[in-house]
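1. give the three-dimensional model of this entry:
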Amino acid sequence: MVPNEWKTLRLEEIVEEDAPIRYGVVQIGENTDGGVPIVPIKYINAIESSSLHKASKAIEGKYIKSRVRTGDVLLSVKGTIGAVGVVPPGFEGNIAREIARIRPSREFDSSYIALQLEAERTQKRIQNLTVGTTRREFSIHAVRNFVLEIPSLKEQQNIANIISTWDKAISTTKSLINNSKQQKKALMQQLFTGKKRLFDDSGKSFDDIWKEVKLGDISIITTGSSNREDSSLHGEFTFFDRSEDIRTSSRYLFDSEAVIVPGEGQDFVPKHFKGKFDLHQRTYAIMGFSESVGKYLFYYIGYYRYYFLSQAVGSTVKSLRLPMFQKMPIRLPTIAEQQKIAEVLTNADREIELLEQQLANLKQEKKALMQQLLTGKCRVKVDASEVA
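-> Next up is the predicted model:
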């Protein structure tokens, strides 16, 4: 149920008369004459991407019907169906066949229309209307006849302004996360090369010479004996394989601190774990840290994992072998300095995790706010952006 004064309109009823809803006409990756810029699907969720602004402004005449301008709402209708964006100020370009262009007339606010399309309940309706099996599509007919609930222009604008506050906070938090990750990366480079030395508990800078060792000389490296079929979603113990999803097992093979590295994949990102765990037969556990600090090795291996990429064999799926782990070169400071380095990087991770939690909270708050404002359950005053 929506307020009585709101209108229920089809998308084709809200667009400019001379700009009907249409798909793009150029192929993704097509090298068109005149340097026609293309907006690929991957940009639609990040429509403010600088890649858009860097695109050429040359528009080939034969593509004029699907060119876009500031304020156009873009909706992905193939591939990543339902992704929404608004063309930012100053951008001129064209769209690919996988994208529909919606150009609201002056009675409608582009940001509000985009928010209605982005809303969770709307996305469910869009998915229900898609057709096809192997190549699903939200047809142009379905787009044109898709219905939205729309208040007055002023209320549209006020709703969009209120939600933009959360969008700005989300964007700022994303930037903070990215900056923190870059700072951590730079810090790791300084710490692991010895360019930056930390201080011990007495306040004196570490100055011991680092040892050059092999990973196999300072740890025990082994694979598990379990298969993915041995894992479950409700087991007592953590199960590790090459996937990123968290799985469990009813048994454990090891009870130890370990650095876990997948033996197959494309990136070989390590994990650090303490306790009882089950392990896939093609996943490696590095344990037995008598001469080293486990958390230090975790960060060191993660930073220098290009070593694994250079050693891995295979074409479509890269694989690692035990000797590759054993021969990995490690620069090892004293135990005390290792501990300090691990503490500094752990603190950096905590800061990133805190920001990521803040981001998740902001997204959840925005989602709840959209549910209230875009259905009229919570109204805004038409003379000010205040919740009534």
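2. now do the contacts for the closest residue to I246 other than its chain neighbours.
-> Leaving aside its chain neighbours, I246 sits nearest to T238 (7.4 Å; criterion: C-beta to C-beta, 6 or more residues apart in numbering). Glycine gets a C-beta too; all of them are placed from N, C-alpha and C. Neighbour list for T238: I246, R247, T248, S249, F273, G275, K276, F277, D278 [criterion: C-beta atoms under 8 Å, 6 or more residues apart in numbering].
3. from those residues, pick the one nearest E17.
-> Nearest to E17 among the contacts of T238, counting by C-beta to C-beta, is I246 at 52.8 Å.
4. any idea how many residues pack against that closest one?
-> Other residues near I246 come to 9 when the count uses other C-beta atoms under 10 Å.
5. now it. Its backbone dihedrals?
-> Note on I246: its backbone torsions stand at phi -90, psi 120 [degrees, to the nearest 10].
6. and it, how far is that from F273?
-> 11 Å (C-beta to C-beta, to the nearest Å).
7. low pLDDT regions in the chain?
-> 26-62, 92, 383-388 (pLDDT under 70).
8. Q182 in helix, strand or coil?
-> Following DSSP: H, G, I helix; E, B strand; the rest coil, we place Q182 in the helix state.
9. same thing with K124?
-> K124 ends up helix, using three-state DSSP.
10. now it: how far from I81?
-> 12 Å.
11. this structure: helices as residue ranges?
-> Counting by DSSP state H, the chain has helices at residues 50-54, 110-118, 120-129, 140-144, 153-193, 215-218, 294-303, 306-311, 322-326, 335-373.
12. give me the nearest residue to F240, chain neighbours excluded.
-> Using C-beta to C-beta, 6+ apart, the nearest residue to F240 is I260, at 4.8 Å.
13. tell me the contacts of that neighbour?
-> F240, P270, K271, H272, F273, F277, L279, T283, Y284, A285, I286.
14. beta partners of it?
-> In this entry, I260 is beta-bridged to K271, A285, by DSSP bridges.
15. please point out which parts of stretch 116-136 sit buried.
-> Buried residues in stretch 116-136, counted by 16 or more other C-beta atoms under 10 Å: Q116, L117, E118, A119, T122, I126, L129.
16. output those residues as a markdown table; include the columns distance to I330.
-> Formatted as a markdown table, these follow (distance: C-beta to C-beta, whole Å):
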| residue | distance to I330 |
| --- | --- |
| Q116 | 55 |
| L117 | 52 |
| E118 | 47 |
| A119 | 51 |
| T122 | 52 |
| I126 | 51 |
| L129 | 56 |
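17. show me which pair in these is furthest apart.
-> E118 and L129 (16.0 Å).
18. which residues are contacting stretch 145-163?
-> For stretch 145-163, the surrounding residues in contact (C-beta under 8 Å, 6+ apart) are 2-3, 5-12, 14, 107-109, 111-113, 115-117, 122, 125-126, 129, 366, 369-370, 373-376, 379-385, 387.
19. also stretch 7-20?
-> Under C-beta under 8 Å, 6+ apart, the answer for stretch 7-20 is 2, 21, 101-105, 107-108, 113, 143-151.
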